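# predicted structure and sequence below. I'll ask about it afterward.
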Amino acid sequence: MNTQQQILTKVKPQFQTGHKKRHVGILGGTFNPIHMGHLVIADQVSEQLCLNKILFIPDKIPPHRGVKKQKPINSDDRIEMIKLAIEDNIHFDLDLTDVNRGGISYTYETIKLLKQYNPDTEYYFIIGGDMVENLSKWSHIDELVNMVHFVGVCRKGFEKKSKYPILWVNTPELEISSSMIRRHVKKGRSIKYLVPKKVEEYIKDRRLYLD
């Protein structure tokens, strides 16, 4: 294992700095829709790394998937569901950097903007173990690893190793995905406990994912 990698449990990051910095986590994605797996990961990373805040940053157009295959619902609905899902957690916030910028949501551009407006903040970008394997394909990855701390969420079937510095965090492994939820809705199956109650009600009221 790379010496810069480690599994962390309630370890507060230490940095040599002349003044106190804020430590903020980032959970990005299409959130189509947001589900309990997202919330559990965000909460565990926040707690274990003692972060000040977790930002949920929805994509406008995801760069790492087949854009033609995936047709997420409009951003207004996805944003509203995020708001409903995180409203009861004071450590969670919504950030619309990617949606407002438009186009393909590249992490490098997102981090560059965030650091430009918040130079005293250390950012921690949360990714799954499956995404760690593909970091070498990310746009401007060599610059990115010097701009942000990557936090890898351990996942079954993926090794905790990378040529890049990764902070590994253990979280409960919930077999929940947005695609599974969309399939359940389309087939008329229950999504109770897979998404927060208010998100479940929003999906039902707006008749989302039926087509």
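Everything's here; your move.
# okay, CA-based contacts and neighbour counts for the rest of this
Fine.
# Glu173 touches Arg155, doesn't it?
Yes. At 6.9 Å, Glu173 and Arg155 qualify as touching, with contact defined as Cα atoms under 8 Å.
# higher neighbour count, the two?
Shown here are Glu173 and Arg155; by other Cα atoms under 10 Å, Arg155 has more neighbours (17 against 13).
# if I look at that one, how far off is Phe56?
20 Å (Cα to Cα, to the nearest Å).
# per-residue pLDDT of Ile127, please?
At Ile127 the predicted local confidence, pLDDT, stands at 95.
# with adjacent residues omitted, what lies nearest to the most centrally placed residue in the chain?
By Cα atoms, centre = their mean, the mean C-alpha position of the chain lies nearest to Leu27, the distance being 2.1 Å. Beyond its immediate neighbours in the sequence, the residue positioned closest to Leu27 (Cα to Cα, 6 or more residues apart in numbering) is Phe56, lying 5.0 Å away.
# who's that neighbour bridged to?
Per DSSP bridges, residues listed as beta-bridge partners of Phe56: Leu27, Leu94.
# contact partners for it?
Ile26, Leu27, Gly28, Ile82, Phe92, Asp93, Leu94, Asp95 (Cα atoms under 8 Å, 6 or more residues apart in numbering).
# same question, Tyr202
Contacts were defined as Cα under 8 Å, 6+ apart; by that measure Tyr202 touches Met81.
# roughly how far apart are the residue nearest to Leu27 and Pro165?
In terms of Cα to Cα, Phe56 sits 22 Å off from Pro165.
# please apply the same query to Asp142.
According to Cα to Cα, Asp142 and Pro165 sit 11 Å apart.
# can you check Asp43 too?
Spatial separation of Asp43 from Pro165 under the definition Cα to Cα is 22 Å.
# ok, back up a step: looking at Asp142 and Pro165, which is more packed in?
Under the criterion of other Cα under 10 Å, the comparison of Asp142 against Pro165 puts Pro165 first, with 18 against 12.
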